[in-house]
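Asks: the following block contains a protein sequence and its predicted model.
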Amino acid sequence: MSMEKRVSEAVISPKPITTSLRIDEVLDGFLSTKRSENTKRAYARDILDLFAKLGVRSLDQLGKIMFHDLVKQIQDYLDDLTEYDEETNRPINPKTTNRKAYALSSFFKYLMHSYEYPKNPLDQYQAHKVDKRSSTSSLTRAEVLDVIGYMDKRHKISQTAYRDYLAICTLAVLALRRNELVGIKWSDLDLDKSSVNVFQKGGSYKLLPMPGNLLKRMLEYRSTYEPASDYIFSPVRNNTTKSLKKPLNTSYIYQLVQKVVFKVANGKRATPHSFRKTFIELALNNQEDFISIINATGHSTVEMIKYYDTRDTLKNNAVHGMSKLI
């Protein structure tokens with residue numbers, strides 16, 4: 001073998017890893033560096049899916065793959081996950097693909113640090129461009145009132161109806177994510193301070209004021225039905241495991257919002273995140289400052305507030321106020 005060929009292969013092929021540790025064992029160590037349980041689940045799902053596609057079960061198997069082949073296989077894997085608009089050929093799920101690429105890149109960085117894997121195959125990966133403004137649908141103030149009013153009229157029909165009414169109200173008023181909503185426990189409520197401590201994305205807590213009328217309804221719900229669970233939003237019945245002492249599945253909240261908004265708002269398609277986006281836009285209409293909004297949403301910068309603000313830029317424009325100078 002010529003010197004030139006040996007140098008070429010050394011550049012494109014990583015040094016073989018001799019350990020036969022299984023990928024899932026290595027993954028446990030990687031996930032232990034993350035705080036958020038949601039992040040751990042998402043990373044585990046993305047990483048295990050890739051290695052299943054590669055047919056790789058251990059580190060020594062990974063080390064036998066030529067580096068340029070690995071780069072191509074990962075690129076093909078991410079391309080297969082990306083959905084494109086038939087007319088514009090633009091990706092319609094860029095954030096999803098970018099998130100998966102970031103998770104995989106983080107794992108390979110961990111391999112480099114802990115197992116001397118020589119390179120990160122995603123170093124040269126080009127992330128998809130993401131729209132500067134959110135594509136999540138939002139509701140008008142009237143639509144929010146209609147949805148809450150519809151649920152209010154039905155809330156005394158059953159325990160499920162009351163619980164779902166409280167879930168919709170909490171999404172609308174506290175701007176919570178689905179997992180934040182279902183994670184609230186009765187012990188998170190502070191009756192003296194009229195507040196609630198919410199475990200949020202990233203593994204930290206945020207303290208929010210609890211509106212008196214919503215708190216009153218929650219306490220009425222508890223005294224009426226005496227739920228056994230520590231979680232406010234828990235199953236009323238469970239035909240599978242019979243266990244009610246757990247939070248609702250977030251997919252239930254997703255389907256609930258879709259169903260109710262579609263019925264009340266003339267076929268509008270919305271998700272739980274629509275309430276979070278609507279909260280931001282209504283707060284801006286109410287002349288709330290960015291800091292007050294961030295205190296509610298838990299965002300770390302005002303950039304995310306700008307991202308979710310998709311109001312009409314002509315209608316919401318400082319020029320209107322300046323016209324009074326003339």
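Replies: It's in.
Asks: what helices and strands are in contact with the lengthiest helix in the chain?
Replies: Longest helix in the chain, counting residues (DSSP state H): helix 94-115. Under the contact criterion of 3 or more Cβ pairs under 8 Å, 6 or more residues apart in numbering; DSSP states H and E, helix 94-115 touches helix 23-31, helix 37-54, helix 67-81. The C-beta positions use only the backbone N, C-alpha and C, and glycine is treated the same way.
Asks: among those helices, which is nearest D188?
Replies: Evaluated over the helices and strands packed on helix 94-115, closeness to D188 peaks at helix 37-54, with 16.3 Å, by Cβ to Cβ.
Asks: output the very next helix or strand once past the longest helix of the chain as PDB, nothing but the C-alphas.
Replies: Using DSSP states H and E, the helix or strand that follows helix 94-115 towards the C-terminus is helix 141-154. The C-alpha trace of helix 141-154 is given here as PDB (Å, rounded to 0.1, in the frame of the first residue of the first chain):
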ATOM      1  CA  ARG A 141     -59.400  36.700  21.700                       C
ATOM      2  CA  ALA A 142     -63.000  36.000  20.700                       C
ATOM      3  CA  GLU A 143     -62.100  32.400  19.800                       C
ATOM      4  CA  VAL A 144     -60.400  31.800  23.100                       C
ATOM      5  CA  LEU A 145     -63.400  33.200  25.000                       C
ATOM      6  CA  ASP A 146     -65.700  31.000  22.900                       C
ATOM      7  CA  VAL A 147     -63.600  27.800  23.600                       C
ATOM      8  CA  ILE A 148     -63.500  28.500  27.300                       C
ATOM      9  CA  GLY A 149     -67.200  29.400  27.300                       C
ATOM     10  CA  TYR A 150     -68.100  26.100  25.600                       C
ATOM     11  CA  MET A 151     -66.100  24.100  28.100                       C
ATOM     12  CA  ASP A 152     -67.500  26.100  31.000                       C
ATOM     13  CA  LYS A 153     -71.100  25.200  30.000                       C
ATOM     14  CA  ARG A 154     -70.200  21.500  30.000                       C
END
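Asks: and D192, helix, strand or coil?
Replies: Here D192 takes the coil state, with states given by DSSP: H, G, I helix; E, B strand; the rest coil.
Asks: which pLDDT value goes with it?
Replies: In this model, D192 is scored at 95, pLDDT.
Asks: what's the neighbour count on it?
Replies: Burial of D192 is recorded as 5 neighbouring residues (other Cβ atoms under 10 Å).
Asks: H273 against S138, yeah?
Replies: No. Using Cβ atoms under 8 Å, H273 is not in contact with S138, being 9.6 Å away.
Asks: the two: which has the busier surroundings?
Replies: Each of H273 and S138 has its neighbours counted (other Cβ under 10 Å); S138 has more, 23 against 19.
Asks: report the contact partners of the more buried one.
Replies: Taking Cβ atoms under 8 Å, 6 or more residues apart in numbering, we find S138 in contact with 274, 277-278, 281, 310.
Asks: CSV please, covering those residues and showing secondary structure and neighbour count.
Replies: Output for the contacts of S138, formatted as CSV (DSSP: H, G, I helix; E, B strand; the rest coil; neighbours: other Cβ atoms under 10 Å):
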residue, secondary structure, neighbour count
S274, helix, 23
K277, helix, 23
T278, helix, 23
E281, helix, 19
T310, coil, 17
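Asks: now, the most widely separated pair of the residues you listed?
Replies: Most distant of the contacts of S138, by Cβ to Cβ, are S274 and T310, 11.4 Å apart.
Asks: elements contacting the strand or helix carrying N213?
Replies: Taking DSSP H and E as the definition, N213 sits inside helix 212-225. Packed against helix 212-225, as judged by 3+ Cβ pairs under 8 Å, 6+ apart, are the following elements: helix 159-174.
Asks: not counting its own residues, what contacts the helix it packs on?
Replies: Outside helix 159-174, the residues touching it (Cβ under 8 Å, 6+ apart) are 144, 147-148, 151-152, 154-156, 176, 181, 184, 196, 198, 208, 211, 214, 217-218, 221, 224-225, 227, 232-233, 236, 248, 253, 256-257, 260, 272, 275-276, 278-279, 296.
Asks: where in this structure is pLDDT low?
Replies: Residue ranges of the chain with pLDDT under 70: 1-18, 85-88, 239, 241-242.
Asks: try 50 this time
Replies: 1-15 (pLDDT under 50).
Asks: hmm, back to that, now for the next helix or strand after the helix holding N213, which elements pack on it?
Replies: The helix or strand immediately downstream of helix 212-225 is helix 250-264, counting by DSSP H and E. Helices and strands touching helix 250-264, by 3+ Cβ pairs under 8 Å, 6+ apart, are helix 141-154, helix 159-174, helix 178-182, helix 272-285.
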